[in-house]
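Enquirer: what would the 3D arrangement of this be:
(one chain, ligands or ions: 1)
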Amino acid sequence: MDLDYTKSLLNFIDNSPTAYQAVENMRQALNKQGYKRYKINQTTKLQKGDRYYYTKNDSALIAFEIGNKPIEAGFKIFGAHTDSPSLRIKPQAISIKENAICLNTEVYGGPIFSSWFDRPLSLAGRVSVAGESPLNIKTHLIDFRKPILVLPNVAIHMNRNVNTKNEIKANLHLIPIMGMASEIESKANQSKKKDKSFWQNWFYSLIAKELKIEPKDILDFDLFTYDPTPGQIVGVNDDFIVSSRLDNLAMCYAGLKALTSDKKNSNFNGINLLLYTDNEEVGSVTKQGADSSFIRDILESICINLGYSRQDFLAMFDSSYMISADQAHAAHPNYSEYADPDHRPIINSGPVIKVAASQSYATDSSSAAKFIGLCKSADVPYQWFVNRSDLRGGSTIGSITSARLPMSTIDIGNAIWAMHSSRETGGVKDLIYLDRVLKLFFDL
Ligand code: ZN
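Expert: As a prediction, the model looks like this:
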């Protein structure tokens with residue numbers, strides 16, 4: 001099996017510990033392919049063949065390429081989210097307990113808590129520093145890369161229920177440890193009191209050293225824990241990709257690869273567009289999330305900058321189509337009772353169409369029919385996911401986005417196990433299948 005695609009995806013995920021690095025890495029890849037930064041009020045009019053990208057809050061990204069045919073054909077959108085569940089570091093995080101340096105966190109999204117224990121962890125995100133004036137700050141991306149944290153379990157000898165009733169309390173147990181305090185204290189000025197502010201300053205100096213800036217310039221940060229162990233290809237037939245953040249960086253990468261691949265057809269219809277939003281794991285209602293007005297603003301500005309009217313823009317919703325991609329649940333051999341009896345996605349059996357009567361997925365028969373048509377044309381198998389009728393299941397960006405951009409929208413994904421674990425397992429072949437479908441989509 002050709003593993004090149006999987007290896008390059010693993011490289012992308014390993015180097016994208018948070019949404020900030022993911023967007024920056026995609027931005028650089030787009031730059032290399034001749035995409036330019038887009039401004040809503042830019043004076044350069046858009047032309048057919050132009051390629052641009054736009055970022056919001058360093059953590060959401062829109063990239064588009066304008067086809068050679070009239071844009072009445074509409075937008076062809078591939079959507080995904082850039083964020084993943086994690087532990088977010090609180091502003092005044094450091095405390096000393098049992099002489100250990102403890103880092104207070106809040107849960108971001110819905111991680112499987114147990115999967116964060118007993119593994120080397122690191123920190124990454126974004127740091128805001130002083131600029132020319134109070135409202136003009138600068139930001140730096142930061143990734144410690146080195147494992148500087150660990151979240152140790154308690155020994156089974158002390159908690160005999162650890163394998164049966166092991167409740168993990170976020171406020172007590174999800175506090176990673178950074179090292180031993182005595183080591184730092186012995187190096188510090190002996191006369192200084194080792195109080196809360198001492199440790200706060202120490203943490204800032206750690207960040208400053210990493211960024212090669214002055215600690216006094218640091219004003220705030222968005223920092224998250226992550227597992228710095230690289231993802232791997234696993235299985236006797238190299239069947240699986242086992243990695244952090246498959247949900248949903250594998251989908252971000254799939255769209256990026258397909259958009260920037262060589263088009264067979266330079267006369268493709270409409271506008272090919274990637275729509276990658278942040279904060280899906282916490283509901284999407286943020287300025288950089290799927291529920292933000294920025295998405296519609298950018299799409300409208302593209303039409304205006306192409307010389308079309310607002311009416312032309314509004315008319316485009318009827319001809320546009322969006323594939324919203326987020327990972328799907330594969331039926332699990334050890335937990336098979338959780339899957340619906342008749343809809344059981346299998347790893348390496350093709351992309352999964354997600355359907356929900358509650359409309360937590362945007363799929364309807366007409367949007368599904370279009371995707372099935374794409375799969376058939378690309379000679380790729382497809383599968384269905386529907387929640388077991390007594391389970392609520394998850395949600396994603398499809399329905400939220402399609403309420404703001406009223407266009408035909410489908411929710412799909414590749415089948416994975418252990419969604420929201422710090423290590424998720426997906427299928428190597430499924431990546432290739434989706435790549436074929438998306439290349440065809442952007443080529444039409
Ligand atoms: Zn997701």
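Enquirer: contacts, neighbours, all on C-alpha from now
Expert: Fine.
Enquirer: what's the first helix or strand after the worst-scoring helix or strand of the chain on mean pLDDT?
Expert: Here the helix or strand of the chain ranked lowest by mean pLDDT, DSSP states H and E is helix 181-187, holding a mean of 87. The element immediately downstream of helix 181-187 (helix or strand, assigned by DSSP states H and E) is helix 196-211.
Enquirer: so what does that next one touch, helix or strand wise?
Expert: Packing contacts for helix 196-211, counted by 3 or more CA pairs under 8 Å, 6 or more residues apart in numbering; DSSP states H and E, involve strand 86-97, strand 136-143.
Enquirer: and the residue of the stretch 251-400 of the chain found nearest the ion, how far is that from N11?
Expert: Residue of the stretch 251-400 of the chain nearest the ion, by CA to the ion: D326 (4.8 Å). In this view, D326 and N11 are 20 Å apart by CA to CA, to the nearest Å.
Enquirer: again, but for I347
Expert: Using CA to CA, I347 is found at 22 Å from N11.
Enquirer: between these two, which one's more packed in?
Expert: Neighbour comparison, I347 and N11: the larger count goes to I347, with 25 against 13 (by other CA atoms under 10 Å).
Enquirer: so the more buried one sits against G413, correct?
Expert: No - counting by CA atoms under 8 Å, I347 stays clear of G413, with 11.3 Å between them.
Enquirer: which bits of the stretch 51-200 of the chain sit near the ion?
Expert: The stretch 51-200 of the chain comes close to the ion at no residue, as judged by CA under 5 Å from the ion.
Enquirer: by proximity to the ion, which residue of the stretch 51-200 of the chain wins?
Expert: Closest contact between the stretch 51-200 of the chain and the ion, by CA to the ion, is at H81 (6.6 Å).
Enquirer: so what's that residue bridging to?
Expert: Beta bridges link H81 to T277, judged by DSSP bridges.
Enquirer: mind listing what it touches?
Expert: N248, L249, C252, Y276, T277, D278, N279, E280, D326, I397 (CA atoms under 8 Å, 6 or more residues apart in numbering).
Enquirer: before we move on, the earlier item: quick one: contacts of the least confident helix or strand of the chain?
Expert: I96, N99, A100, I101, K194.
Enquirer: residues near the second one, how many?
Expert: The one in question is N99. Residues near N99, counting by other CA under 10 Å: 12.
Enquirer: my read: it touches M180, true?
Expert: Yes - counting by CA under 8 Å, M180 is a contact partner of N99 at 5.9 Å.
Enquirer: quick one: the strands in the stretch 151-300 of the chain?
Expert: Applying DSSP state E, counting those that start in this stretch to the stretch 151-300 of the chain gives strands spanning 177-180, 218-226, 232-234, 240-243, 271-277.
Enquirer: out of the ones you listed, deepest packed?
Expert: Comparing the strands of the stretch 151-300 of the chain by mean neighbour count (mean count of other CA atoms under 10 Å), strand 271-277 comes out on top with a mean of 27.
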